[in-house]
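Asks: Quick one: sequence and predicted model below, then my questions.
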Amino acid sequence: MPYKTLILCSKICDGMNAYMAYKVTTKTSLNLFNRNEFTVKRRFSDFLGLHSKLASKYLHIGYIVPPAPEKSIVGMTKVKVGKEDLSSAEFVEKRRSALERYLMRTVNHPALLKDPDVIQFLESTELPRAVSTQALSGAGILRMVNKAAEAVNKMTIKMNESDAWFEEKQQQFENLDVQLRKLHASVESLVCHRKELSVNTASFAKSAAMLGNSEDHTALSRALSQLAEVEEKIDQLHQEQAYADFYLFSELLGDYVRLITAGVFDHRMKTWSKWQDAQVMLQRKREAEAKLQYANKPDKLQQAKEEIKEWEAKVQQGERDFEQISKNIRREVGRFEKQRVKDFKVVIIKYLESLVHTQQQLIKYWEAFLPEAKAIA
Amino acid sequence: MFSSALLLLPPRSSFLQQRKIKGKVAAKIKTERRESPRSLTHRPTRSSAAMTSISQDADREKMRSVSVDLNNDSSLLIDIPDALCERDKVKFTVHTKTTLNSFQKPEFSVPRQHEDFIWLHDTLVETEEYAGLIIPPAPPKPDFEGPREKMHKLGEGESTMTKEEYAKMKQELEAEYLAVFKKTVQVHEIFLQRLSSHPVFSKDRNFQIFLEYDQDLSVRRKNAKEFFGGFFKNMVKSADEVLISGIKDVDEFFEQEKTFLLDYFSKIKDATAKAEKMTRSHKNVADDYIHISATVSNIGAEDNTALKTHLEKFSELLEKLRKVEGRVASDQELKLTELLRYYMRDIQAAKDLLYRRARALADYENSNKALDKARLKSKDIPQAEENQRQCLQKFDKLSESGKQELTSFKGRRVVAFRKNLIEMAELEIKHAKNSTALLQGCIEMLKVN
């Protein structure tokens, strides 16, 4: 796709309210946009606002809408206070990367790309502040409550699945979810241990340097100092590899876990449920009308007949909605699978290449050290 | 060469039944006689085609190089060809081949425990005659705490793993257990070989008893404890203070040695600890690859898209890589951590020598004072003169042999460091090249797909 979005971040200080803003740069050749390259400033809440709008428009008709990046309240507060420590810089980078991936997924969706909210998000200089997304706001809490209610509903709907495809897919997604979560946890462990390895290597490097200084045999002293230098370089290498472990591998897995749990199948169940409810209601209205036939109340009878018409229409709409969402989901899942295959193929190769790079650097460093060790006389 | 190693761990189900690892854990390693230049039974060491024996053999060779120039004199050859591990107790088979007449037979073996080695070391330390020598440091107690803890954790986490994952983790664990076992055998063997290679220690009476006496040594050990009462050992605790607070030594050589050894000891101790931490982190990374490989394999098995091959190949590669990473970690441990640890203990032994010399000096100075007192009182002058003469003699002898020992020690140390640093660098390069080849092979295959 001749389309690229880059996100860069910069900190904007607004007097008392220091907040983080992100530069969103879009490069495109599509006619949808006015220009080929443009940049806007957006806040994290703007991203959440965009997601909220897309979710409300498309989730219920069966589109897999990319989930918004997670808010981590602790992280955000740390940054706001203005601490320039490593963990906050790391946090900002993590968020920046997540926002970038989020936008890329959104614009890679053929329907979402054309959505006016998306276009406005990417192009407009000014964007109305998304109010209802403040982390601890009342609206936020309300949404959490609604989500919980949804979860309960999901459990009580038992659907008559006549379509084997859906049953199969749902099971497949559930299995994949379990495995991906496990894999994500293992990779997070790898990231953690590699970071530890980096720290311990650095610590050893310092110790080796001290030992080298203390050593009274000149050539051995020199070699030990060289060893310390090599280990220092290697600790940097481990750190870089840990970043690759994280940004290439771990974050991708996290994204996919969230994508899979986005819940398209639930919406289909709800649509089905609504359709069934309409059918039940129609039946009731028909029964009521039948009763009124013998009651000799012409006004009520007329009303009953109108209600029947109303519910017949609702039933038809319900059926159409269900068929539509089923069709959409089939298409979406197909697209999702294609994307998943592409994403994972690319990431696996990129990750392996990062490992190659590390190994090649190791060869370089140790080959440089070897003559130093041999020079000990 | 290790031809077979049997390691019996409790079966899988018993992890769930028993929180503590009960039951016998028996490991037996049988080795063929290692080849030496003038060995009577010549057996080529690299004839075996099996991968495991070659790598284990290479391990043995690698570990031997921590110290150098050992076991070259055919008049007294010692090795530990066999060892049995029951629970925590390790029983070593000490095998001796000798042409010396002081021994009853030309070839014989005895079973020994770790405590017997400690007894031997302590008797050497307490022997006055050896005050001017660097006494080879006692081998550390066999420590299976690391693998044991890991085994415990493995048992606890069993339910979260697939059968394959569990099997691989168990395999890793067994390898670690074996590595600790081999290390302890080596370190005990090297101790004995240091003694047999030394012109003075090789003739020690207790050393001979240790090698030859075919009964249990525990009776002797008990007696020795009662006799010495750990007296000298307690004194050594304050040795550093004596050395540091002592007056500047007239002898330039010893003054320099004192400064150097005190500083070097603390630095090498720190380096040993840091190297150990680094190696452990490396092992953790290798273990993570196991879990990742297993889960990727599972996802691949259930996948029926174009991703299937990618996942399978990726999983296979990770499994191969983690073995290499494991080797990197263990090689680093042998060449670096063990090297540092070994010489840390040796430096301590050298410090002990300095300490004994300092005490001898103190004794001499005291004898001088006593002589002056005697002359003042005109009483017991001959005894005081004799005492002073003896103290001076002892001190001079100590200084002379001490100088010799410390000089040759430095030479040994430099040679050993050189050898091990070179070998470590070469191994790192070898492993990195191997990893690169595996990775690039896999990438090519995947790009074609």
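Replies: In hand now; what should we look at?
Asks: quick one: B:K313 and A:L352, what's the gap?
Replies: From B:K313 over to A:L352 the distance is 10 Å, taken as Cβ to Cβ, to the nearest Å. Where you see a C-beta, it was placed from the backbone N, CA and C, and this is true even at glycine.
Asks: and if you look at B:E316?
Replies: In terms of Cβ to Cβ, B:E316 sits 12 Å off from A:L352.
Asks: Then A:R35?
Replies: Between A:R35 and A:L352 the computed distance is 38 Å (Cβ to Cβ).
Asks: likewise B:R413?
Replies: 42 Å.
Asks: Around chain A, pick out the residues from the stretch 201-350 of chain B.
Replies: Selection of the stretch 201-350 of chain B residues close to chain A by Cβ under 8 Å from any Cβ of the partner chain yields B:256, B:260, B:263-264, B:267-268, B:270-271, B:274-275, B:277-278, B:280-282, B:284-285, B:288-289, B:291-292, B:295-296, B:298-299, B:302, B:305-307, B:310-311, B:314, B:317, B:321.
Asks: Give the ChimeraX command for selecting the buried subset of the residues you listed.
Replies: The ChimeraX selection below is limited to those of these classed as buried (16 or more other Cβ atoms under 10 Å in any protein chain shown):
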select /B:260,263,264,267,268,270,271,274,275,277,278,280,281,282,284,285,288,289,291,292,295,296,298,299,307,310,311,314,317,321
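Asks: can you map out the helices along the stretch 51-200 of chain A?
Replies: A:73-81, A:86-108, A:110-113, A:116-123, A:138-156, A:164-214 (DSSP state H, counting those that start in this stretch).
Asks: Give me the below-cutoff pLDDT ranges for the stretch 1-150 of chain A.
Replies: When residues are selected by pLDDT under 70, those of the stretch 1-150 of chain A lie in A:1-18, A:72-87, A:129-150.
Asks: Can you pull the residues that touch both of B:K313 and A:L352?
Replies: B:442, B:446 (Cβ atoms under 8 Å, 6 or more residues apart in numbering or on different chains).
Asks: export stretch A:243-254 as CSV, just CAs?
Replies: This file holds the C-alpha atoms of stretch A:243-254, laid out as CSV (Å, rounded to 0.1, in the frame of the first residue of the first chain):
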residue,chain,number,x,y,z
TYR,A,243,14.8,-3.6,23.0
ALA,A,244,14.4,-5.7,19.9
ASP,A,245,12.9,-8.6,22.0
PHE,A,246,10.4,-6.1,23.3
TYR,A,247,9.5,-3.8,20.5
LEU,A,248,9.5,-6.4,17.7
PHE,A,249,8.3,-9.5,19.5
SER,A,250,6.6,-8.7,22.8
GLU,A,251,4.6,-5.7,21.7
LEU,A,252,3.3,-7.4,18.6
LEU,A,253,2.0,-10.3,20.8
GLY,A,254,0.4,-7.8,23.1
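Asks: now it: how far from the chain's centre is it?
Replies: Centre-to-centre, stretch A:243-254 and its host chain are 12 Å apart (Cα atoms, centre = their mean, to the nearest Å).
Asks: Over to stretch A:159-169?
Replies: With Cα atoms, centre = their mean, you get 27 Å for stretch A:159-169.
Asks: Looking at it now, give me its mean pLDDT.
Replies: Stretch A:159-169 comes out with an average pLDDT of 81.
Asks: where does the stretch 1-150 of chain B have low pLDDT?
Replies: In the stretch 1-150 of chain B (pLDDT under 70), the answer is B:1-69, B:71-72.
Asks: returning to that earlier point: A:R35 and A:L352: which is more packed in?
Replies: For A:R35 and A:L352, the more surrounded residue by other Cβ atoms under 10 Å in any protein chain shown is A:L352, and the numbers stand at 22 against 9.
Asks: show me what contacts that one?
Replies: Going by Cβ under 8 Å, 6+ apart, A:L352 touches B:314, B:317, B:439, B:442-443, B:446.
Asks: Just the pLDDT for B:K277.
Replies: 95.
Asks: That one touches A:A202, doesn't it?
Replies: No: if you go by Cβ atoms under 8 Å, B:K277 and A:A202 don't touch, sitting 11.0 Å apart.
Asks: low-scoring stretches of the stretch 251-377 of chain A, by residue?
Replies: Applying pLDDT under 70 to the stretch 251-377 of chain A flags residues A:262.
Asks: again, 90 this time
Replies: Along the stretch 251-377 of chain A, segments meeting pLDDT under 90 span A:251, A:254-255, A:257-273, A:285-307, A:376-377.
Asks: interface residues of it facing chain B?
Replies: Within the stretch 251-377 of chain A, the residues that sit near chain B (Cβ under 8 Å from any Cβ) are A:337, A:340-341, A:344-345, A:348-349, A:352-353, A:355-356, A:359-360, A:362-363, A:366-367, A:369-370, A:373-374, A:376.
Asks: returning to what we had before: find residues that contact each of B:E316 and A:L352.
Replies: Shared contacts of B:E316 and A:L352 (Cβ under 8 Å, 6+ apart): B:C442.
Asks: The stretch 251-400 of chain B: helices as residue ranges?
Replies: For the stretch 251-400 of chain B, helices defined by DSSP H, counting those that start in this stretch occupy the ranges B:252-302, B:307-332, B:338-377, B:381-448.
Asks: List the contacts of B:S109.
Replies: Neighbouring residues of B:S109 by Cβ under 8 Å, 6+ apart: B:93-96.
Asks: Mind telling me the two of those residues farthest from one another?
Replies: Spatially, the most separated pair among these is B:T93 and B:T96, at 10.7 Å (Cβ to Cβ).
Asks: OK, now which residue of the stretch 101-250 of chain B is nearest to chain A?
Replies: For the stretch 101-250 of chain B, the residue closest to chain A is B:T160, as judged by Cβ to the nearest Cβ, at 8.3 Å.
Asks: Report pLDDT for that residue.
Replies: Confidence score, pLDDT, at B:T160: 81.
Asks: which parts of the host helix or strand of A:S273 are buried?
Replies: Using DSSP states H and E, A:S273 sits within helix A:264-293. For helix A:264-293, the neighbour count (16+ other Cβ under 10 Å) marks A:264-273, A:275-276, A:278, A:282, A:285, A:289, A:292 as buried.
Asks: Give me the angle between that helix and helix A:164-214.
Replies: Relative orientation of helix A:264-293 and helix A:164-214, computed by axes from the mean of the first three to the mean of the last three Cα atoms, to 10 degrees: 150 degrees.
Asks: What is the distance between helix A:264-293 and the centre of its chain?
Replies: Relative to its chain's centre, helix A:264-293 lies at 36 Å (Cα atoms, centre = their mean).
Asks: who does that helix touch, helix- and strand-wise?
Replies: helix A:138-156, helix A:164-214, helix A:298-374 (3 or more Cβ pairs under 8 Å, 6 or more residues apart in numbering or on different chains; DSSP states H and E).
Asks: Tell me which of those is the most buried.
Replies: helix A:164-214 (a mean of 19; mean count of other Cβ atoms under 10 Å in any protein chain shown).
Asks: Before I go, just wanted to say thanks for your time.
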